[in-house]
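Q: Below are the sequence and a predicted model for it; my questions follow.
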Amino acid sequence: MTPAAEVRDLIVQRTEETGFGAHGLHVLIGDEIAEHRWAPDDREDIHSVAKALCVLAAGIAADEGVVSLDDRVVDLLPIPRPGADVDRVTLRHLLTMSSGVDLPYSETMMTEWPDLAEEFLSRPSRGRVFQYSNASTYTAMAALAERVGDVADYLAPRLFTPLGLDGISWERSPRGRVIAGAGVSLRTEEMSRLGRLIRDRGEWHGERLVSAAVIDAMHSAWVVAGSSPGYDRYALAGWGGPGDGWRLHGAYGQLIVFAGDGVVTISADDHFGADAMAAYVVECLTR
């Protein structure tokens, strides 16, 4: 039995013991793959794992010299009345949730403002203070779109087509922009392709899609996010932990967990069981 199959079987057993609401599982160790399903193989919203797509879009644009992650957002997306100290906020700050702008998540966030990005940037910045909010990612992609055009169209030939992700749709705001931090649906194996690309530092089967520096920044130069284990540090879309791993983590248990040369991808519908499962995945990958 391959190491990938051993990890798969351990996770399947733990899932059945705990009742974790997993739909699909994909394990990649080296070049070995093992999979399991508990539900039909449908595309599901990957929720905040989509933030990694936004980082990749910005990273590819930076590789092409179109933007820098350290560009000031107000230079990319001018607004009539920016908030105090917002002129110091960069694209990187938005993607690491460290702009210091206070606009917390709400279910109606995308529709309650005439322009969410303008509302976000009109509020004051408190400095490099962490606050997790989909508005931050949305504003980053609104700013990027000023240079590259529609973000989904920009990514199609540069990321989606090379990864074999056909027919990708991205939920839109009332202004027609991608909602950025969610709203992309993928099958478990399709989501795992992002995991392989990231594990391999931006290369996809020998073809470089994004620079290694961008990938490395997804799990380094951590921003202090709090004190809760697994939620105490954040980088470009990546959460530090659990343990010696790191992860992309979407609501309801959409996980891409990295440890060593192993990547475990899970689609699920179990918001509150995801942290324990992520910790167990890292334990399996590092034992």
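A: Thanks, I have the structure now. Bear in mind that the values here come from a model prediction, so they are computed numbers and not experimental data.

Q: what's downstream of whichever strand or helix holds Ser185, the next helix or strand?
A: For Ser185, the host element (DSSP states H and E) is strand 185-186. The helix or strand immediately downstream of strand 185-186 is helix 188-199, counting by DSSP H and E.

Q: Check the secondary structure at Ala143 for me.
A: helix (DSSP: H, G, I helix; E, B strand; the rest coil).

Q: Please report how far it lies from Phe120.
A: For Ala143, the distance to Phe120 (Cβ to Cβ, to the nearest Å) stands at 10 Å. Glycine gets a C-beta too; all of them are placed from N, C-alpha and C.

Q: okay, these two: which has more neighbours?
A: Higher neighbour count among Ala143 and Phe120: Phe120, with 28 against 25, using other Cβ atoms under 10 Å.

Q: Ile29 against Gly262, yeah?
A: Yes. Counting by Cβ atoms under 8 Å, Gly262 is a contact partner of Ile29 at 4.5 Å.

Q: thinking again about what came up before, what strands line up against the strand holding Ser185, and which way round?
A: Applying DSSP bridges to the sheet, strand 185-186 is found paired with strand 44-45 (antiparallel).

Q: what about the partner strand, average pLDDT?
A: For strand 44-45, mean pLDDT rounds to 98.

Q: right, and the helix or strand after that strand?
A: Following strand 44-45 toward the C-terminus (DSSP H and E): helix 50-63.

Q: circling back: between Ile29 and Gly262, what contacts are shared?
A: Pro3, Ala4, Val7, Leu285 (Cβ atoms under 8 Å, 6 or more residues apart in numbering).

Q: What's the local residue count around the closest residue in space to the first one that isn't next to it in sequence?
A: Pointing back at Pro3 there. In this structure, Pro3 finds its nearest non-sequential neighbour in Ile29, 4.7 Å apart by Cβ to Cβ, 6 or more residues apart in numbering. For Ile29, the neighbour count with other Cβ under 10 Å is 21.

Q: tell me the pLDDT at Ile29?
A: Ile29 is assigned a predicted lDDT (pLDDT) of 98.

Q: And it, how close does it get to Val49?
A: Separation of Ile29 from Val49 (Cβ to Cβ): 20 Å.

Q: Next: Ile11.
A: 18 Å.

Q: Check Tyr105 too.
A: Relative to Val49, and taking Cβ to Cβ, Tyr105 is found at 16 Å.

Q: How about Trp246?
A: Trp246 is 13 Å from Val49, by Cβ to Cβ.

Q: Same check on Trp113?
A: Distance of Trp113 to Val49, computed by Cβ to Cβ: 25 Å.

Q: And the strands in the stretch 151-287 of the chain, which stretches?
A: Assigned by DSSP state E, counting those that start in this stretch, the strands in the stretch 151-287 of the chain fall at 185-186, 203-204, 207-208, 223-224, 233-234, 239-240, 246-250, 254-259, 262-268.

Q: To Asp153, which of those strands lies closest?
A: Evaluated over the strands of the stretch 151-287 of the chain, closeness to Asp153 peaks at strand 185-186, with 17.6 Å, by Cβ to Cβ.

Q: Give the rounded mean pLDDT of the closest one.
A: For strand 185-186, mean pLDDT rounds to 98.

Q: Between which two of the shared contacts of Ile29 and Gly262 is the distance greatest?
A: Applying Cβ to Cβ across those, the maximum distance is between Ala4 and Leu285, 10.2 Å.

Q: more neighbours, these two?
A: Neighbours of Ala4 and Leu285, each counted by other Cβ under 10 Å, are more numerous for Leu285; the result is 24 against 21.

Q: Touching, that one and Gly243? I think so.
A: No. With contacts counted by Cβ under 8 Å, Leu285 stays clear of Gly243, the gap being 9.4 Å.

Q: For those two, list the residues in contact with both.
A: Shared contacts of Leu285 and Gly243 (Cβ under 8 Å, 6+ apart): Ala259.
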